[in-house]
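Asks: Sequence and predicted structure are below.
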Amino acid sequence: MTPGARLQAAIELLASIHAGTAPADRAAHEFFRARRYIGGGDRREVLGLIYAVLRARARLDWWIARAWPAEAPRSEETDRLRLVAALLLIEGWNADRVAGSFDGGQYRPALLSREERALLKALAGQTLDHPEQPDWVRFEYPEWLDAPLRAALGDRFESEMRALMEEAATDIRVNALKADRTAAIRALKAEKVEARPTSLSPWGLRVEGRPPLASLEVFKSGAIEVQDEGSQLVALLTDARPGQRVVDFCAGAGGKTLALAAQMQNKGHIVACDVLEGRILRASTRLRRAGVHNVERRALSTERDPWVKRHAAAFDRVLVDAPCSGSGTWRRNPDQKWRLAPGDLEELLALQESILKSAARLVKQGGRLVYATCALLPAENEGQIRRFLETHDKFHVVPVADVWRTAIGGEGPAEGEFLRLSPARQGTDGFFVAVLEREK
Ligand SMILES: C[S@@+](CC[C@H](N)C(=O)[O-])C[C@H]1O[C@@H](n2cnc3c(N)ncnc32)[C@H](O)[C@@H]1O
């Protein structure tokens, strides 16, 4: 591809991300699947450009608004303008090089308009950060979340927001059904990928950047899965034992289900539920590859599906990996935060409450309900647990520090009753975990 054609592909991919509802990585996967003629090198370049734009969207928009000629109407071509700004402010291109690539040739971006040329001139020589940018622009978060994020993070606000802007390393979970960490490190090295053990999860390995793991033999053999260390810890803290009956209530495509199966050494029974049938169907290839055969998949109509009533008090462990704002995963999904509106948060809070209430019915006496989110806001975390306990006096909190000692060993980073992981402190995605036990 010519450099101009890569830019055109980046503009089209950005437009399809903004037009759809899928996260950027899924949208990109679909985009390239429909354009198999784009080779690996070009693909990486295009992805590099679009993630540069997505990670700096608020600052790029701030610059575009400031530099756009006052008399000109606002352009509708947001993605094109953001890319032009990113080439100058992030990629270090000079104005001539940008203008030369927007030349209107075949498969290349249309010629720059007069206003766009004025923008080029205004941005040339500037840097992405500017002292006049307000915090929500500087740290790239929706302005309406300013107060709740400050309240949640207190004096860690700046360090956490900074950490959330960075690109996350890639974490791997070694599948204990097929390998151990030493063997996996060796197998990865043989395929030219350097990995080191993570510090908290006994299953975890960390690799820098984005190696094409899915194409490696060690991945195809089922010995490893891609999974953030925080997610691994959520599964570990469920403390599912071999032979138990376990529900993964919001199983999605089965990331944590796979980890639970490994923890249970494939013994016992796991029911992986979700309201999106397509997601649990997607889990089947992963389950097969991992050699997992104790999982039943079940699509629920809603969280109050009749299946729940029929299986009341039947399970030792119920994991609720609840749908949430996802604010703990902004490093990986920089586009997601801009899709979240205040009304969505209200809806999520009501859904989390309803899911927790319904999933609790499945827990048998002496069994545990584990509630987790990848959210940083207390309303989605401690707030939900507090409300749940007000109406469920048969449940009590088991301090996560105690669960950690039994399920993982040693002292974990849990403070008080719950676990709160964050990118700045633990280098994981942001996670919250609460473990509740039902009276015997
Ligand atoms: C955080 S994601 C789960 C990720 C998954 N556990 C993993 O580790 O890959 C939350 C999941 O909750 C599901 N969900 C949404 N509403 C639900 C409901 N009412 N009942 C059960 N699951 C629901 C979503 O479809 C989504 O897959």
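Replies: The structure has been received and is ready for your questions. Quick caveat, the model's predicted, so the values are computed rather than measured.
Asks: from here on, contacts and neighbour counts on C-alpha atoms
Replies: Will do.
Asks: Which residue ranges of the stretch 251-400 of the chain form strands?
Replies: Along the stretch 251-400 of the chain, counting by DSSP state E, counting those that start in this stretch, strands occupy 269-274, 295-299, 315-321, 363-373, 395-398.
Asks: Up against the ligand, what does the protein have?
Replies: 249-256, 274-276, 302-303, 321-323, 355 (CA under 6 Å from any ligand atom).
Asks: Domain boundaries for this protein, per the record?
Replies: 3-133, 170-226, 229-438 (automatic domain parsing).
Asks: Out of the residues of the chain next to the ligand, which end up buried?
Replies: Neighbour counting over the residues of the chain next to the ligand (16 or more other CA atoms under 10 Å) leaves 249-256, 274-276, 303, 321-323, 355 as the buried ones.
Asks: Give me the contact list for the host helix or strand of residue 64.
Replies: For residue 64, the host element (DSSP states H and E) is helix 57-67. Residues from elsewhere that reach helix 57-67 (CA atoms under 8 Å, 6 or more residues apart in numbering): 53, 81-82, 85-86, 118-119, 122-123, 128-129, 133, 136-138, 140-141.
Asks: One more: stretch 338-352?
Replies: Applying CA under 8 Å, 6+ apart, the external contacts of stretch 338-352 come out as 141, 142, 144, 322, 323, 324, 325, 379, 380, 384.
Asks: Can you check those residues and name whichever has the most neighbours?
Replies: Among the contacts of stretch 338-352, the one with the most neighbours (other CA atoms under 10 Å) is residue 380, at 25 neighbours.
Asks: Show me which positions of stretch 175-195 end up buried.
Replies: Buried-residue list, stretch 175-195, by 16+ other CA under 10 Å: 175-177, 179-181, 184-185, 187-188, 193-195.
Asks: Kindly report the same for stretch 295-312.
Replies: Neighbour-count burial for stretch 295-312 [16+ other CA under 10 Å]: 295, 297, 298, 299, 300, 303, 308.
Asks: residues in contact with the last one?
Replies: Listed by CA under 8 Å, 6+ apart, the contact set of residue 308 reads 358, 359, 361, 362.
Asks: and residue 54, what pLDDT?
Replies: pLDDT, residue 54: 97.
Asks: and it, what does it touch?
Replies: 334, 335.
Asks: From residue 337, how far out is the spatially most central residue of the chain?
Replies: For the chain, residue 329 is the residue whose C-alpha lies nearest the centre (CA atoms, centre = their mean; 4.1 Å). Distance from residue 329 to residue 337, counting by CA to CA, to the nearest Å: 9 Å.
Asks: Residue 184 too?
Replies: Residue 184 is 34 Å from residue 337, by CA to CA.
Asks: for residue 162, same thing?
Replies: 15 Å.
Asks: Also residue 176?
Replies: On the measure of CA to CA, residue 176 and residue 337 end up 34 Å apart.
Asks: Then residue 141?
Replies: 7 Å.
Asks: Helices of the stretch 301-440 of the chain, residue ranges please.
Replies: Ranges of helices within the stretch 301-440 of the chain are 306-310, 342-360, 382-391, 400-407, 423-426, based on DSSP state H, counting those that start in this stretch.
Asks: Just the buried residues of the longest one, please?
Replies: Buried residues in helix 342-360, counting neighbours by 16+ other CA under 10 Å, are found at 348, 349, 351, 352, 353, 354, 355, 356, 357, 358, 359, 360.
Asks: now swap in the last one and tell me
Replies: Residues of helix 423-426 classed as buried under the neighbour-count rule (16+ other CA under 10 Å) are 423, 424.
Asks: With stretch 121-141 instead?
Replies: Those buried within stretch 121-141 under the rule 16+ other CA under 10 Å are 122, 123, 124, 128, 129, 136, 137, 138, 139, 140, 141.
Asks: so residue 374 makes contact with residue 332?
Replies: No - Residue 374 lies out of contact with residue 332 (CA atoms under 8 Å); the separation is 11.8 Å.
Asks: neighbour count winner among these two?
Replies: residue 374 (28 against 21).
Asks: Can you tell me, leaving aside adjacent residues, what's nearest to that one?
Replies: Excluding its sequence neighbours, the residue lying closest to residue 374 (CA to CA, 6 or more residues apart in numbering) is residue 431, at 4.3 Å.
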